[in-house]
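Participant: Kindly generate the corresponding structure for this input.
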Amino acid sequence: MNSPKFRQKILLAIITVNIISTWLHYIDNALFLNQYSGFEWFTPAGVIGTVIVMTAI
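Facilitator: Numbers count the residues shown, from 1 in each chain. Modelled structure (predicted):
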């Protein structure tokens, strides 16, 4: 049950859930950006651009 392949599948599932939840979080931020106080120059496109860069890193 604790074979290396099983552990790899669990790790892949955790990473996948993490990436999906991160994207959902940033998309929510981009959609409701006007409800946050902050910099006026930070736009929804800036939020999406940030998540793309952060995901790649």
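Participant: max-length helix in this protein?
Facilitator: Counting residues, the longest helix found in the chain (DSSP state H) is helix 4-31.
Participant: now for that helix, which elements pack on it?
Facilitator: helix 44-56 (3 or more C-beta pairs under 8 Å, 6 or more residues apart in numbering; DSSP states H and E). (C-beta placed from N, C-alpha, C; glycine too.)
Participant: And the contacts of the helix it packs on?
Facilitator: 19, 22-23, 26-27, 29-31, 33 (C-beta atoms under 8 Å, 6 or more residues apart in numbering).
Participant: May I see those organised as a markdown table, with neighbour count, distance to residue 55 and pLDDT added?
Facilitator: Output for the contacts of helix 44-56, formatted as a markdown table (neighbours: other C-beta atoms under 10 Å; distance: C-beta to C-beta, whole Å; pLDDT from 0 to 100):
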| residue | neighbour count | distance to residue 55 | pLDDT |
| --- | --- | --- | --- |
| 19 | 11 | 7 | 87 |
| 22 | 13 | 7 | 85 |
| 23 | 14 | 7 | 85 |
| 26 | 18 | 9 | 83 |
| 27 | 14 | 12 | 85 |
| 29 | 17 | 14 | 81 |
| 30 | 18 | 14 | 80 |
| 31 | 11 | 18 | 84 |
| 33 | 14 | 19 | 81 |
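Participant: quick one: which of the residues you listed is nearest residue 12?
Facilitator: residue 19 (10.6 Å; C-beta to C-beta).
Participant: Next one: the residue nearest to that closest one when sequence neighbours are not counted from residue 36, what distance?
Facilitator: Sequence neighbours aside, residue 55 is the residue nearest to residue 19 in space, at 6.7 Å (criterion: C-beta to C-beta, 6 or more residues apart in numbering). Applying C-beta to C-beta, to the nearest Å, the value for residue 55 to residue 36 is 21 Å.
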